[in-house]
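K.L.:
sequence isn't available, so here's the structure alone:
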């Protein structure tokens, strides 16, 4: 997907207006969650209201990289009970992309981390 090493995956739960571009998404990460969008090796993921596409944002060596992934016939099982930003594992990300619900994919450690944000 990207020519850089992704060390950390952060999922923004709930729906996001995917018409937002890089400046507004990075501002949202900073103001709403206190996250650094320029953090090396971090991929931030957002999902639209229809759940048929996700937008990814990361900072590369030459600036921001933003991409959109569309699904033709399925929808992502995106968590929508909160608007928190959740750190997920690579395995959880892959399961989510395969159609599993994120609540069933999170490890106990991630669930505890998630519960602390509430």
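P.N.:
Done, it's in. All values derive from a computational prediction rather than experimental measurement.

K.L.:
flag the shaky bits of this structure, pLDDT-wise.
P.N.:
When residues are selected by pLDDT under 70, those of the chain lie in 1-4, 81-83, 102-118.

K.L.:
who touches the residue nearest the centre of it in this structure?
P.N.:
The centroid of the chain falls nearest to residue 45 when counting by Cα atoms, centre = their mean (2.1 Å). Contact partners of residue 45, counting by Cβ atoms under 8 Å, 6 or more residues apart in numbering, are 9, 10, 11, 12, 54, 55, 56, 57, 93. Yep, even glycine has a C-beta here, placed from its N, CA and C like the rest.

K.L.:
give me that answer again for 6 Å
P.N.:
Each residue near residue 45 by Cβ atoms under 6 Å, 6 or more residues apart in numbering is listed here: 11, 54, 56.

K.L.:
can I assume the last one sits in a strand?
P.N.:
Yes: secondary structure assignment (DSSP: H, G, I helix; E, B strand; the rest coil) places residue 56 inside a strand.

K.L.:
from residue 46, how far off is the closest residue to it other than its chain neighbours?
P.N.:
Using Cβ to Cβ, 6 or more residues apart in numbering and skipping residues adjacent in sequence, the residue nearest residue 56 is residue 67, 5.0 Å away. To residue 46, residue 67 is 11 Å away according to Cβ to Cβ, to the nearest Å.

K.L.:
and these two? Which one has more around it.
P.N.:
The neighbour comparison of residue 67 against residue 46 (other Cβ atoms under 10 Å) goes to residue 46, with 26 against 12.

K.L.:
longest single helix anywhere in the protein?
P.N.:
In the chain, assigned by DSSP state H, the helix with the most residues is helix 22-33.

K.L.:
mind listing what's buried in that helix?
P.N.:
Residues of helix 22-33 classed as buried by neighbour count (16 or more other Cβ atoms under 10 Å): 25, 26, 28, 29, 33.
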